[in-house]
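**Student:** dropping a prediction and its sequence here:
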Amino acid sequence: MLGFVIQRFIQAVGVMAVMSVIVFCGVYAIGNPIDIVIPPEATQDIREDAIRRLGLDQPLYRQYFIFMSNLLQGDLGRSFVYNIPVLDLIGGRLPATLELVLISVISATFIGVTLGIYAGYRPESWLARTIMAVSVLGFSVPSFWVGLILILTFAVNLGWLPAGGRGDTVMIAGIEWSFPTLNGLSHILLPAINLALFKLAMMIRLARAGTREIMLTDTIKFARAAGLSEATILRRHLLKLISIPIITVFGLELGSTLAFAVVTETIFSWPGVGKLIIDSIAVLDRPVMVAYLILVAFLFVTINFVIDLVFALIDPRVRNGVSA
């Protein structure tokens, strides 16, 4: 197991090193932030001073090495626009995005796996057919359209829920959360539904396919022949056998949703990281853009690393195959 962990860790470090080069060079190759940060009427001396102060007068490779040196010390630079440390800027927005993503992905996974197992266990029932029809709808309808319909229906026409914002928050463990308050929960409901719909459809189909495949195997037939109850078969055999693909999809969806919740955050005016990165792109705030993309890459690498470890714990063949 130790050799497996070391190998995966080395691979993760290598991926992060490559991604840092790609992200840095890609972002710094676009546009000139001086044209946006400095007003057009500024003198040449002011422009040169700003370029020198922001480090943009250095060659690209030197800027990269300065960035990596600061990164290893936990410094991702200062925002060109807000003139505050990037980590503070992202850290102030991250709890809102994290709260929205966790609620949507966890609820979609729990409900989707439950409905998917039922649809696979009773595929001919009318409820199973209804569940699969809903999953097709979740895949087919674009999230921005669903968000607009949710606002139009529940906020504008019915007036039951607010159309945007985060609502009241409470401080728990030094982090602001909105779901513990009734006002905050009413604000998070619509964006969470919008963000969870696609994940819900995916989990339903994944769990249904896995259930149908496993229910036809000899493992289930022998368990039934041994006199085990259906509840015991589902709990001890079925859930364990379908857990690996579900864990994989859960990890990847958690990372992708956390990184790319920008559409939902924009529609519902949710003050998260996604809205911040859109604003930063508009004004070419390079430190924020680079820091965001580096953190996203780190998030995906970390999630994949953890998933690999979970696989190795669940299925010994994974780590034994690597060792061999």
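**Tutor:** Sure, I can see it.
**Student:** for Ile175, grab phi and psi.
**Tutor:** Main-chain torsions, Ile175, degrees, to the nearest 10: phi -120, psi 140.
**Student:** pretty sure it is touching Gly92, no?
**Tutor:** No - the pair formed by Ile175 and Gly92 falls short of the contact definition of CB atoms under 8 Å, at 10.7 Å. Any C-beta I mention is one placed from the backbone N, CA and C, and that applies to glycine too.
**Student:** what's the first helix or strand after the one helix or strand Glu48 maps to?
**Tutor:** Assigned by DSSP states H and E, Glu48 belongs to helix 44-53. Next in sequence after helix 44-53, counting helices and strands by DSSP H and E, comes helix 60-71.
**Student:** run the chain-centre distance for that following helix.
**Tutor:** Mean C-alpha position of helix 60-71 versus that of the full chain (CA atoms, centre = their mean, to the nearest Å) differs by 27 Å.
**Student:** any residues touching that helix, and which ones?
**Tutor:** Ser20, Val21, Phe24, Cys25, Tyr28, Gly55, Leu56, Gln58, Leu76, Gly77, Val290, Ile294 (CB atoms under 8 Å, 6 or more residues apart in numbering).
**Student:** again with stretch 134-154
**Tutor:** Identification of contacts with stretch 134-154 by CB under 8 Å, 6+ apart yields 160-161, 163-164, 190-191, 193-195, 197-198, 200-202, 204-205, 263-264, 267-268.
**Student:** next: stretch 172-183.
**Tutor:** Contacts of stretch 172-183 (CB under 8 Å, 6+ apart): 95-96, 99, 103, 166-171, 184-185, 187-188.
**Student:** hmm, back to that, looking at the contacts of helix 60-71, which is nearest Ser229?
**Tutor:** Ile294 (50.8 Å; CB to CB).
**Student:** you'd agree that closest one is up against Met19?
**Tutor:** Yes - between Ile294 and Met19 there is a contact under CB under 8 Å: 7.3 Å.
**Student:** just the helices in the stretch 51-200 of the chain please.
**Tutor:** Ranges of helices in the stretch 51-200 of the chain, per DSSP state H, counting those that start in this stretch, are 60-71, 86-121, 126-140, 143-150, 182-215.
**Student:** so which of the ones you listed comes closest to Gly14?
**Tutor:** For the helices of the stretch 51-200 of the chain, proximity to Gly14 was assessed by CB to CB; helix 60-71 is nearest, at 14.6 Å.
**Student:** among the contacts of stretch 134-154, name the buried ones.
**Tutor:** Among those, those buried by neighbour count (16 or more other CB atoms under 10 Å) are 161, 163-164, 190-191, 193-195, 197-198, 200-202, 204-205, 263-264, 267-268.
**Student:** next, count neighbours for Ile220.
**Tutor:** Neighbour count of Ile220, defined by other CB atoms under 10 Å: 18.
**Student:** tell me the spacing between Lys275 and Phe268.
**Tutor:** 10 Å (CB to CB, to the nearest Å).
**Student:** now Arg166
**Tutor:** 9 Å.
**Student:** kindly report the same for Asn194.
**Tutor:** Distance from Asn194 to Phe268, counting by CB to CB: 7 Å.
**Student:** helices or strands up against the helix holding Glu48?
**Tutor:** Helices and strands touching helix 44-53, by 3 or more CB pairs under 8 Å, 6 or more residues apart in numbering; DSSP states H and E, are helix 34-37.
**Student:** average pLDDT for the helix it packs on?
**Tutor:** Averaging pLDDT along helix 34-37 gives 64.
**Student:** any idea how far Ala225 is from Asp218?
**Tutor:** 10 Å.
**Student:** please report how far Ile6 lies from Val13.
**Tutor:** As for Ile6, its distance to Val13 is 11 Å (criterion: CB to CB).
**Student:** wait, Ile131
**Tutor:** 43 Å.
**Student:** who has more neighbours, the two?
**Tutor:** Taking neighbours as other CB under 10 Å, Ile131 and Val13 compare with Ile131 leading, 22 against 11.
**Student:** ok, that one touching Leu115?
**Tutor:** Yes - because the distance of 4.9 Å satisfies CB under 8 Å, Ile131 is recorded as touching Leu115.
**Student:** overlap of the contact sets of these two?
**Tutor:** In contact with both Ile131 and Leu115: Ile204, using CB under 8 Å, 6+ apart.
**Student:** counting neighbours, what do you get for the closest residue to Ala209 other than its chain neighbours?
**Tutor:** Once flanking residues are discounted, Ala209 sits nearest to Gly120: 7.1 Å by CB to CB, 6 or more residues apart in numbering. Using other CB under 10 Å, Gly120 has 24 other residues around it.
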